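*Asks:* requesting a structural model of the entry that follows:
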Amino acid sequence: MYNLLLVIYIILVLLAITNLTEYDRLIYFISTIIFATIGFFFNPIKAFAMGNYLDSYRIFLELDLYREWGWNAGKTLLYRSYNYLGNYDDLPLIKCYWYVVSRFNNNGWLAFINTFLIFTMAYLSINRLAKKLEISGIHKQISATFIFFIIIEDFSRTIANIRMPLAIAVFTLALAYDVTNDDKKNKIIYWLGYFSTMLLHNSMFMFVIIRVLASLYKKVNIRKIILFIFLIFPIISSGVISIFSKYLSITTVDKINYTMDKGLGGLSGILTLRYGTIIIIIRILISLIMIYELRRINIDSQNSSLGLLVFFSEIVIAFSISSTFLSWNLTNRLSLVLVNLLPLLIIVRKYLANDRKSIFYLNRQGILVWIMAITSMMYYFGTYVYQVLIF
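*Replies:* Take a look at the predicted model:
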């Protein structure tokens with residue numbers, strides 16, 4: 001399956017530079033079904049037996065328990081010796097997700113559904129932004145950008161980590177609709193989308209906070225202050241965490257402390273996971289250059305709704321840079337958000353530059369796209385990332 005996955009990626013790259021990209025819906029549907037089907041056959045139990053622990057190993061065991069004990073499995077088994085059942089009462093959407101999937105006889109449906117949802121939301125995000133901005137060569141641009149997303153997105157996380165990639169996809173979709181609609185009534189729906197991600201994964205609260213701060217994108221001086229605060233966050237992190245601890249649940253606070261302080265913390269983690277560090281640095285640098293390009297093309301972009309997307313991305317980049325001194329977990333999660341933002345930033349640049357050429361065309365932007373695509377494939381296929389996936 002590893003070799004098949006590599007062949008599919010190569011085909012996608014070749015497809016992205018042909019006229020077949022005109023059929024964007026067909027490319028979306030076929031690609032999504034193929035990857036979802038591959039995900040269906042992923043076996044984390046077998047991977048664990050071979051010495052590779054992935055989140056889906058625990059999740060598969062949880063699905064089995066939900067299948068046997070029903071909706072209240074968490075409370076029923078709380079005081080028994082079941083080590084692989086989390087209490088998801090503070091994350092009702094995930095509890096509902098687990099329960100629904102547990103109604104199927106095969107746990108492989110979880111990876112299938114998760115892949116389908118994430119790829120679909122990515123396509124809808126790209127499609128929404130491209131059509132609202134009415135970019136040139138729209139169908140080819142949508143197809144090429146969607147293929148770019150598939151290539152740089154960590155498929156192993158989609159089928160093995162489940163929750164975080166799904167939450168990020170929901171957040172990105174809400175953001176794409178948010179920046180392309182000024183109707184205040186619809187804004188409520190988008191904010192519900194943002195807040196719903198916190199019911200999928202505890203750590204999403206920080207992106208909701210960033211979205212709130214990004215609302216100030218029209219105020220230049222405040223923008224600078226916010227970016228400065230995120231750049232010096234390691235210095236003030238203890239005080240900030242103590243403030244939020246007063247208003248958040250114990251589970252969420254524990255999750256924050258884990259993200260900030262444990263699990264390959266700070267520079268030691270960055271130096272330990274050298275290949276992972278390289279891809280994170282590349283993600284940050286490519287995103288930073290892309291933001292610079294957007295500001296260079298249209299210096300007044302902060303005065304349009306697109307400024308919200310740009311400023312949100314700037315905050316995430318600033319936080320990604322400073323978090324390297326705090327925690328590998330935090331830096332990695334921030335870089336995963338950048339992976340979802342990059343396709344949207346590419347669409348915005350196409351719009352501002354009135355560029356009809358494919359995103360893979362070797363101009364200034366195309367070079368960045370190829371660097372990101374090639375290094376992502378080298379990292380995923382050349383290291384343990386995809387090699388630990390057992391089917």
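*Asks:* pLDDT below threshold where in the stretch 151-300 of the chain?
*Replies:* 244, 247-273, 299-300 (pLDDT under 70).
*Asks:* buried ones in whatever helix or strand residue 185 lives in, by neighbour count?
*Replies:* Per DSSP states H and E, residue 185 falls inside helix 184-196. For helix 184-196, the buried set under the neighbour-count rule, 16 or more other CB atoms under 10 Å, comprises 190, 193, 194, 196. Any C-beta I mention is one placed from the backbone N, CA and C, and that applies to glycine too.
*Asks:* distance to residue 297 added to those, as TSV?
*Replies:* Shown next, in TSV, are the buried residues of helix 184-196 (distance: CB to CB, whole Å):
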residue	distance to residue 297
190	26
193	29
194	28
196	34
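*Asks:* tell me where the stretch 51-200 of the chain has helices.
*Replies:* For the stretch 51-200 of the chain, the helices defined by DSSP state H, counting those that start in this stretch occupy 55-69, 73-76, 92-102, 108-133, 138-152, 155-160, 163-178, 184-196.
*Asks:* go through the ones you listed and name the closest to residue 3.
*Replies:* For residue 3, the closest of those is helix 155-160, at 14.7 Å, according to CB to CB.
*Asks:* mind listing what's buried in that closest one?
*Replies:* By 16+ other CB under 10 Å, the buried positions in helix 155-160 come out as 155, 156, 157, 158, 159, 160.
*Asks:* show me what contacts the first one?
*Replies:* The neighbours of residue 155, taking CB atoms under 8 Å, 6 or more residues apart in numbering as the test, are 5, 35, 39, 115, 380, 386.
*Asks:* tabulate the residues you listed (JSON lines), appending secondary structure and neighbour count.
*Replies:* Converted to JSON lines, the contacts of residue 155 look like this (DSSP: H, G, I helix; E, B strand; the rest coil; neighbours: other CB atoms under 10 Å):
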{"residue": "5", "secondary structure": "helix", "neighbour count": "19"}
{"residue": "35", "secondary structure": "helix", "neighbour count": "24"}
{"residue": "39", "secondary structure": "helix", "neighbour count": "26"}
{"residue": "115", "secondary structure": "helix", "neighbour count": "25"}
{"residue": "380", "secondary structure": "helix", "neighbour count": "23"}
{"residue": "386", "secondary structure": "helix", "neighbour count": "19"}
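*Asks:* from the residues you listed, which is closest to residue 204?
*Replies:* Checking the contacts of residue 155 against residue 204 by CB to CB gives residue 115 as the nearest, at 19.7 Å.
*Asks:* right, so of the helices of the stretch 51-200 of the chain, which gets closest to residue 9?
*Replies:* Of all the helices of the stretch 51-200 of the chain, helix 138-152 comes closest under CB to CB, at 6.4 Å.
*Asks:* report the distance from the closest one to the chain centre.
*Replies:* How far helix 138-152 lies from its chain's middle: 16 Å, per CA atoms, centre = their mean, to the nearest Å.
*Asks:* same question for stretch 13-30.
*Replies:* 22 Å.
*Asks:* pLDDT on that stretch, on average?
*Replies:* In this model, stretch 13-30 carries a mean pLDDT of 95.
*Asks:* which residues outside it are in contact with it?
*Replies:* 119-120, 123, 127, 139-140, 142-144, 146-148, 151, 358, 360, 373.
*Asks:* pull out the buried positions in that stretch.
*Replies:* Of the residues in stretch 13-30, those buried (16+ other CB under 10 Å) are 13, 16, 21, 24, 27, 28.
*Asks:* what ranges does the stretch 201-350 of the chain have for its helices?
*Replies:* Under DSSP H, counting those that start in this stretch, the stretch 201-350 of the chain gives helices at 205-214, 220-231, 233-245, 250-261, 266-272, 274-297, 306-322, 328-353.
*Asks:* quick one, which of those is nearest to residue 68?
*Replies:* Of all these, helix 250-261 comes closest under CB to CB, at 24.3 Å.
*Asks:* secondary structure element for the closest residue to residue 120 other than its chain neighbours?
*Replies:* Counting by CB to CB, 6 or more residues apart in numbering, residue 32 is the residue found nearest to residue 120 once chain neighbours are left out, at 6.4 Å. In this assignment (DSSP H and E), residue 32 forms part of helix 24-40.
*Asks:* what's the angle between that helix and helix 55-69?
*Replies:* Relative orientation of helix 24-40 versus helix 55-69 (axes from the mean of the first three to the mean of the last three CA atoms, to 10 degrees): 80 degrees.
*Asks:* just to revisit the earlier point, need the helices of the stretch 51-200 of the chain in TSV (columns: distance to residue 335).
*Replies:* Listed next are these as TSV, based on distance: least, CB to CB, whole Å:
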stretch	distance to residue 335
helix 55-69	18
helix 73-76	32
helix 92-102	23
helix 108-133	16
helix 138-152	11
helix 155-160	11
helix 163-178	11
helix 184-196	20
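*Asks:* if I look at residue 160, how far off is residue 52?
*Replies:* Noted for residue 160: a distance of 10 Å to residue 52, by CB to CB, to the nearest Å.
*Asks:* oops, could you answer that again for residue 161 instead?
*Replies:* From residue 161 to residue 52 the distance is 13 Å (CB to CB).
*Asks:* kindly report the same for residue 339.
*Replies:* 23 Å.
*Asks:* more neighbours, those two?
*Replies:* The neighbour comparison of residue 339 against residue 52 (other CB atoms under 10 Å) goes to residue 339, with 23 against 16.
*Asks:* contacts only, for that one.
*Replies:* Residue 339 neighbours (CB under 8 Å, 6+ apart): 149, 152, 153, 154, 283.
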